[in-house]
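Q: structure, please.
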Amino acid sequence: MSAALEAARAEGPKTHRLFGFPLHGSYAPFLHNTITRLAGVPRKYSKMEGKSDRLDEFLAYLRSDECAGSAVTMPHKVAICQHLDELTQDGRNIGACNTVIVRKGPNGERILVGHNTDSVGVREAFLRADDSHVKSGKVRPGAVFGAGGASRAAVYALTQWLNCSPIYVVNRDDAEVEQFISDFAKSSTAAFKPELVHVKTVEQAEGLDAPAYIVSAVPAFPPVTPEEKQARAVTVTLLNKEPKGTLLDMEYHGRGEGIKELASGAGWGVIKGEIPMIWQGIEQQRLWLGVEEKDLPVQEILDTVARQVASDKETGSQPPLE
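A: I've put the predicted structure just below:
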């Protein structure tokens, strides 16, 4: 056992919380409570469901000794950044934080550091499912479907670790994409300056090279509005291109015809949405506990959570808390 894990066990009971809204379908409590249970660490992870009216309460929790680190999800991933003491380079580049790490200052004060592990979840999901493109050493386009917080992390992973450029962005809301691209332009550095291409029409998509990796971060609902139908037509056009690649569908709750069904039918390899969720959670706990990946029972964690997700899909049950 590592010294860091021993120290976490000796520290006594601590807690983690997930702040966001809505949280009814989240597997985060089950995932994190599985990790700490298997690691033998006396910590509990719970939901703190709320909108901006509970932000002060959440910030007070972060400053309390009870908190050993916390998670943040929509709609707070961007807004939380301005309330923290520091941001990691990943947090600054992505422009959104899903993880708050607590560090001690020189006088014992609590320093709240914003970080993003969603990008690690995307990276690990692709590398462990199909690393052939990365191993080839070639640079090919990537794509993100959607322009929210998950897509921000996807752009970072595709650009920094997965040999993808440019990154195509497909979304039903043009204004949202313009803001998405503008935010990256403002935060770009010499080390991270993604080339983003807003793909608006089928005609435009037809003239583009096929992406190697795609991250889909849109709900698994059939398109209804004209804007949704247009975005879906662009999506289908990209999926029909050759050569095929691998698609990661971040949506793991949907039961209808979503992007993963379209991708599979078009000959793409498909990664289930719970895989990046598990890997980003493992990365969060690794940071909160101060341990290495090898100190955690990773395969048992993966198997336990995957079985639970599959069971709940079959029965229609809500995710358990632990």
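Q: assign residue 215 to helix, strand or coil.
A: Following DSSP: H, G, I helix; E, B strand; the rest coil, we place residue 215 in the strand state.
Q: from memory it sits against residue 152, does it?
A: No - Residue 215 lies out of contact with residue 152 (C-beta atoms under 8 Å); the separation is 10.6 Å. C-beta here means a position set from N, CA and C on the backbone, and glycine is covered the same way.
Q: please say which of these two ends up with more neighbours.
A: Neighbours were counted for residue 215 and for residue 152 using other C-beta atoms under 10 Å; residue 215 has more, 30 against 25.
Q: for that one, list each beta-bridge partner.
A: Bridge pairing for residue 215 (DSSP bridges) gives the partners residue 144, residue 248.
Q: contacting residues for it?
A: Taking C-beta atoms under 8 Å, 6 or more residues apart in numbering, we find residue 215 in contact with 122, 142-145, 150-151, 154, 157-158, 247-248, 250.
Q: out of the residues you listed, which is nearest to residue 187?
A: Nearest to residue 187, judged by C-beta to C-beta, of the contacts of residue 215 is residue 151 at 14.6 Å.
Q: which pLDDT value belongs to the closest residue to residue 306 other than its chain neighbours?
A: Leaving aside its chain neighbours, residue 306 sits nearest to residue 274 (6.3 Å; criterion: C-beta to C-beta, 6 or more residues apart in numbering). For residue 274, the pLDDT comes out at 85.
Q: ok, residue 274 - contacts?
A: 27, 252, 305-306, 309.
Q: that older thread, which of the contacts of residue 215 count as buried?
A: Buried by 16 or more other C-beta atoms under 10 Å: 122, 142-145, 150-151, 154, 157-158, 247-248, 250, out of those.
Q: measure how buried residue 132 is and give me the count.
A: 10.
Q: adjust the sequence numbering to begin at 348 for everything that follows.
A: Let's use 348 as the start, then, which means that last one is residue 479.
Q: measure it to residue 538 for me?
A: Relative to residue 538, residue 479 is positioned 26 Å away (criterion: C-beta to C-beta, to the nearest Å).
Q: one more: residue 450?
A: 23 Å.
Q: ok, these two, which is more surrounded?
A: Neighbours were counted for residue 450 and for residue 538 using other C-beta under 10 Å; residue 450 has more, 12 against 8.
Q: buried residues, stretch 581-594. List them.
A: 581-586, 588, 591-594.
Q: and if you look at stretch 470-485?
A: Quick answer for stretch 470-485 (16+ other C-beta under 10 Å): 470-474, 477, 480-481.
Q: adding secondary structure, pLDDT and distance to residue 399, write the residues you listed out as JSON lines.
A: Shown next, in JSON lines, are the buried residues of stretch 470-485 (DSSP: H, G, I helix; E, B strand; the rest coil; pLDDT from 0 to 100; distance: C-beta to C-beta, whole Å):
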{"residue": "470", "secondary structure": "helix", "pLDDT": "96", "distance to residue 399": "31"}
{"residue": "471", "secondary structure": "helix", "pLDDT": "96", "distance to residue 399": "32"}
{"residue": "472", "secondary structure": "helix", "pLDDT": "95", "distance to residue 399": "31"}
{"residue": "473", "secondary structure": "helix", "pLDDT": "97", "distance to residue 399": "34"}
{"residue": "474", "secondary structure": "helix", "pLDDT": "96", "distance to residue 399": "36"}
{"residue": "477", "secondary structure": "coil", "pLDDT": "91", "distance to residue 399": "40"}
{"residue": "480", "secondary structure": "helix", "pLDDT": "95", "distance to residue 399": "40"}
{"residue": "481", "secondary structure": "helix", "pLDDT": "95", "distance to residue 399": "39"}
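Q: show me where the protein has strands.
A: Remark: strands assigned in the chain by DSSP state E are 361-367, 390-396, 417-419, 433-434, 446-451, 457-462, 487-492, 511-517, 543-545, 560-563, 593-596, 616-618.
Q: for those strands, which one ends up most surrounded?
A: Mean neighbour count (mean count of other C-beta atoms under 10 Å) peaks for strand 560-563 among the strands of the chain, with a mean of 29.
Q: could you give the mean pLDDT of that strand?
A: In the prediction, strand 560-563 has an average pLDDT of 96.
Q: same deal with stretch 577-587?
A: 96.
Q: same check on stretch 390-400?
A: Mean predicted confidence for stretch 390-400 is 94.
Q: residue 610: which of the strands of the chain is closest?
A: Nearest of these (C-beta to C-beta): strand 593-596, 4.3 Å.
Q: before I go, just wanted to say thanks for your time.
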